[in-house]
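Visitor: From the sequence below, what's the structure:
(2 chains, ligands or ions: 2)
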Amino acid sequence: MTTLAWKNPFHDKVRLAVTLTGIVFALVLIIVQFGLFLGFLDTTANVVVRSGVDLWLTAPGVPHVNGAAAFPEKRRYKALAVDGVERVERFALQFSQWKLPAGSQESVQVTGFDLDGGMGGPWNIIAGSIEDLRGEDTIIVDQLYLEKLGVKGVGDSIEINQRRARIVGLTQGIRSFTTSPYVYTSFKNGQNYTLLKEDETYFLLVKAKPGVDLQKLKADLRTAIPDVDVFTNDEMRDRTQSYWLFTTGAGVTTLMGAVLGLLVGIVVVAQTIYSATVDHIREFGTLKAMGARNSYIYRIIIEQALISATMGYSLALVAGWFVAKSSETGSAAILLPPEMAVGLFFLALAMCIVASVFSIRKATAIDPAMVFKG
Amino acid sequence: MEPLIEVRNVTKTYGTGDSAVTALRPTDLTVLPGEVLLMCGPSGSGKTTLLSIMGAILSATSGSVKLLGQEIVGIKESRLPDIRLANIGFIFQGFNLFPALTALENVEVALTLKGLSKSAARKRAQELLEQVGLADRTKHHPADLSGGQKQRVAIARALAGDPKIILADEPTAALDSQSGQLVMETLSTLARDRGRAVVIVTHDSRVLHYGTRMVHIADGRLQEQAHGAQQSHQMEHEGVTA
Ligand SMILES: Nc1ncnc2c1ncn2[C@@H]1O[C@H](COP(=O)(O)OP(=O)(O)OP(=O)(O)O)[C@@H](O)[C@H]1O
Ligand SMILES: [Mg+2]
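Guide: Numbering: from 1, shown residues only, chains lettered A, B, ... in the order given. Ligands and ions are numbered 1, 2, ... in the order given. So this is what the prediction gives:
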């Protein structure tokens, strides 16, 4: 690193503060907007992504995981007969009414899963366990929604669809994108809470034998059971995410927010770096007069941009981490996964370098009037 | 004696069409080793333009410029930095030091451009600052130096590559009389003892006696001045004073 590139940014503390503020602001904006977007995607399809399912069987025309329709559970036996299927579990996911102790009602999504197989079940359990769901009328809810559901925690009892329900466990961070929290219970209880008939199910979840080609298995299942739809887990995730993303105002807003955040961030960084470079234009002119080649000047400008990018990124990451952390208990998740943190670093580098390269043209054309001015 | 600078028939026009400004009309000038050439003339007459052309940082519109016998008009732009690095030291009215660097580091920059190693550059920079009388100011930043000290750092930096040609645009304009004398003393010693060519643009009548020769530019036209005591008299007559 050249002495000049290393010392220039630190010489004028005010200038440095302005530059870093610009970069940090831009990066935090990108973190928040993208984090919200990722949080949105994650929240809409978390129950699918974490389900451990290989293939979903649904009634025909089910658009996404939250829009299920009942169909005969007998299909399960047909599915089990297909080569490559290891096991098939029933799964209920349906809206239902939760009666608060005070008497008013809240909509919830009852999630009844097979306690033995566990596909589609809860994760991040912080109190109680799945085993506790073997008791009659037992449920697990997320602690994020305790207040909304008017309960304090494990041990409280309320009614779902006029049936008693007792909280035996808590999860942490299983958000629902809809305003209806997920309520985990056994499939049997789920049938009762969602008024599903004894011989019906909302989904059949297929676990394939290890090493089975899922596309082929999907085709085989379709042939064997023509009156159901079959989706891989990724397809169900994509259908669910794009449904919520594109058919709700919130989804489109979040997507636009992410795109705008990125654009505004890029513009702010470009502006900041550009003006920081232009500030030193006379020094670059002097260097050229002294016999420095353009490559040397490019090098200094890019090195200075790298220093700014690295410092700005580090500060922004710390700020972004706090934002993401504090969103864990808030109503909207802001995710900052490691891939995004790494990607953001390269984005910051790229933005700073591109912006400084734009200012280079100005810096490498020496105007004698500029260097000679008193 | 081989001239260090040979300017033949050089013209310079800025811009084109309606906005074209003719800054230099056909101009000839030769500068020999050991000469301290003073260039005077009213504001806007083309002094900086001519100096920049001689220093290979501005291209002439037509004519020929030879530095140490090498033609620089019409050669590839990318070759000019090396020519400047090898042959020319610039000194500016505004010093143009790097404010983030110490006096020592300012001089080191020029030496590392020349390809010296970090440690060799440090040692040589120290010597150069000693030569201009700033041995005790090496760690100071430009903001903590007086105008005269700054200009001496700038001179040390210009001398770093041991150039044959020194080009200075109003080097004493921002200095008090005593500092100005010191700067001129240094530059003229360089020409006299080490056979360098020094070209100085100046309005400063206090330093005219350091020149070995003087040219006058008016409206882009260069005139050789008779040498002697009457020159400063004549300048004052024209109202060209510091
Ligand atoms: N980059 C430029 N573009 C257009 N015209 C220019 C440019 N630089 C200088 N000129 C014009 O060329 C003429 C000569 O300018 P120059 O800077 O050489 O004058 P100067 O003698 O150095 O003046 P001063 O004593 O004020 O520094 C002036 O008319 C000036 O306006
Ligand atoms: Mg000038």
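
Visitor: Retrieve the pLDDT associated with the residue lying closest to B:Ala156 once chain neighbours are set aside.
Guide: Spatial nearest neighbour of B:Ala156, chain neighbours left out: B:Leu128 (4.1 Å); criterion: C-beta to C-beta, 6 or more residues apart in numbering or on different chains. C-betas here are computed from N, CA, C, even on glycine. Listed pLDDT for B:Leu128 reads 94.

Visitor: same check, this time on B:Thr241
Guide: B:Thr241 carries a pLDDT score of 43 in this model.

Visitor: Ok, A:Gly251 next?
Guide: So, for A:Gly251, pLDDT stands at 85.

Visitor: what about the longest helix in chain B?
Guide: Assignment by DSSP state H gives helix B:177-194 as the longest helix of chain B.

Visitor: Residues in contact with that helix: which ones?
Guide: Residues from elsewhere that reach helix B:177-194 (C-beta atoms under 8 Å, 6 or more residues apart in numbering or on different chains): B:33-36, B:91, B:132-133, B:146-149, B:151-152, B:155, B:159, B:166, B:168, B:171-172, B:175, B:196-198, B:200, B:204, B:206-207, B:210, B:212.

Visitor: Break down the chain into its helices, ranges please.
Guide: Looking at chain A here, since you left the chain open. Here chain A has its helices, by DSSP H, at A:3-11, A:13-49, A:75-80, A:187-193, A:214-224, A:233-247, A:249-279, A:281-289, A:294-327, A:338-364, A:368-372.

Visitor: Chain B is the one I meant
Guide: Remark: helices assigned in chain B by DSSP H are B:47-54, B:80-87, B:103-113, B:118-131, B:147-159, B:177-194, B:230-238.

Visitor: what packs against the fifth one?
Guide: Going back to what we said before, that points to helix B:147-159. Packed against helix B:147-159 by the contact rule (3 or more C-beta pairs under 8 Å, 6 or more residues apart in numbering or on different chains; DSSP states H and E) you find strand B:88-91, helix B:103-113, helix B:118-131, helix B:177-194.

Visitor: go again using 6 Å as the cut-off
Guide: Here helix B:147-159 touches strand B:88-91, helix B:103-113, helix B:177-194, going by 3 or more C-beta pairs under 6 Å, 6 or more residues apart in numbering or on different chains; DSSP states H and E.

Visitor: Pick the most buried one from the ones you listed.
Guide: Stretch with highest mean neighbour count among the helices and strands packed on helix B:147-159: strand B:88-91 (a mean of 26; mean count of other C-beta atoms under 10 Å in any protein chain shown).

Visitor: Partner strands of that one, with direction?
Guide: Here strand B:88-91 has these sheet partners by DSSP bridges: strand B:165-169 (parallel).

Visitor: Please put the alpha-carbon coordinates of the strand it pairs with into CSV.
Guide: Extracted C-alpha coordinates of strand B:165-169, given in CSV (Å, rounded to 0.1, in the frame of the first residue of the first chain):
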residue,chain,number,x,y,z
ILE,B,165,15.5,21.1,-15.6
ILE,B,166,13.7,23.0,-12.9
LEU,B,167,10.5,24.8,-13.8
ALA,B,168,9.0,27.2,-11.2
ASP,B,169,5.7,29.1,-11.5
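
Visitor: Show residues contacting it.
Guide: Under the criterion C-beta atoms under 6 Å, 6 or more residues apart in numbering or on different chains, residues A:372, B:4, B:48, B:51, B:55, B:87-93, B:196-201 lie in contact with strand B:165-169.

Visitor: Just the terminal-to-terminal distance for stretch B:79-97.
Guide: 25 Å (C-alpha to C-alpha, to the nearest Å).

Visitor: That stretch and ligand 1, any residue contact?
Guide: No - judged by C-beta under 6 Å from any ligand atom, stretch B:79-97 stays clear of ligand 1, getting no closer than 8.6 Å.

Visitor: go on, stretch B:17-35?
Guide: Yes - Stretch B:17-35 is in contact with ligand 1 by C-beta under 6 Å from any ligand atom, via B:21, B:23.

Visitor: Just the buried positions in that stretch, please.
Guide: Using 16 or more other C-beta atoms under 10 Å in any protein chain shown as the test for burial, stretch B:17-35 gives B:23-25, B:27, B:29, B:31-35.

Visitor: Now do B:Tyr14 against chain A, distance only.
Guide: According to C-beta to the nearest C-beta, to the nearest Å, B:Tyr14 stands 10 Å off from chain A.

Visitor: In chain B, where is pLDDT below threshold?
Guide: Within chain B, the ranges that satisfy pLDDT under 70 run B:226-242.

Visitor: Would you tell me which residues of it are close to chain A?
Guide: B:48, B:52, B:57-58, B:81, B:84-85, B:90, B:92-94, B:96, B:98, B:100-101, B:105, B:110, B:113, B:169 (C-beta under 6 Å from any C-beta of the partner chain).

Visitor: try 8 Å
Guide: Contact residues, chain B versus chain A (C-beta under 8 Å from any C-beta of the partner chain): B:48-49, B:51-52, B:55, B:57-58, B:78, B:81-86, B:88, B:90, B:92-94, B:96, B:98-101, B:105, B:108-110, B:113, B:157, B:161, B:169-170, B:173-174.

Visitor: per-residue pLDDT, the closest residue to chain B within chain A?
Guide: Nearest residue of chain A to chain B (C-beta to the nearest C-beta) works out as A:Gly291 at 2.6 Å. pLDDT for A:Gly291: 93.

Visitor: rewinding a little: buried ones among the contacts of helix B:177-194?
Guide: Using 16+ other C-beta under 10 Å as the burial test, these include B:33-36, B:91, B:132, B:147-149, B:151-152, B:155, B:159, B:166, B:168, B:171-172, B:175, B:196-198, B:200, B:204, B:206-207, B:210 as buried.

Visitor: for chain A, where's the lowest mean pLDDT among helices and strands?
Guide: One helix or strand of chain A scores below all others by mean pLDDT, DSSP states H and E: helix A:368-372, with a mean of 74.

Visitor: Pull the contacting residues for the residue nearest to B:Ala156.
Guide: Residues near B:Leu128 by C-beta under 8 Å, 6+ apart: B:107, B:156-157, B:159-160.

Visitor: Then B:Gly69?
Guide: So B:Gly69 contacts B:2, B:6 (C-beta under 8 Å, 6+ apart).

Visitor: quick revisit: any chance of a ChimeraX selection covering the buried ones in the residues of chain B next to chain A?
Guide: Buried residues within these, by 16+ other C-beta under 10 Å, are selected in ChimeraX with:
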select /B:48,49,51,52,55,57,58,81,83,84,85,86,88,90,92,93,94,96,98,99,100,101,105,108,109,110,113,157,161,169,170,173,174
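
Visitor: Excluding chain neighbours, what is closest to A:Gly257?
Guide: Nearest residue to A:Gly257 in three dimensions, chain neighbours excluded: A:Gln33, at 4.7 Å (C-beta to C-beta, 6+ apart).

Visitor: my read: B:Asp176 touches B:Asp204, true?
Guide: No - counting by C-beta atoms under 8 Å, B:Asp176 sits too far from B:Asp204 to count as a contact (11.3 Å).

Visitor: how close does the most centrally placed residue in chain B get to ligand 1?
Guide: Nearest residue to the geometric centre of chain B (C-alpha atoms, centre = their mean): B:Leu167, 1.6 Å. From B:Leu167 across to ligand 1, the span is 12 Å (C-beta to the nearest ligand atom, to the nearest Å).

Visitor: That'll do, ta.
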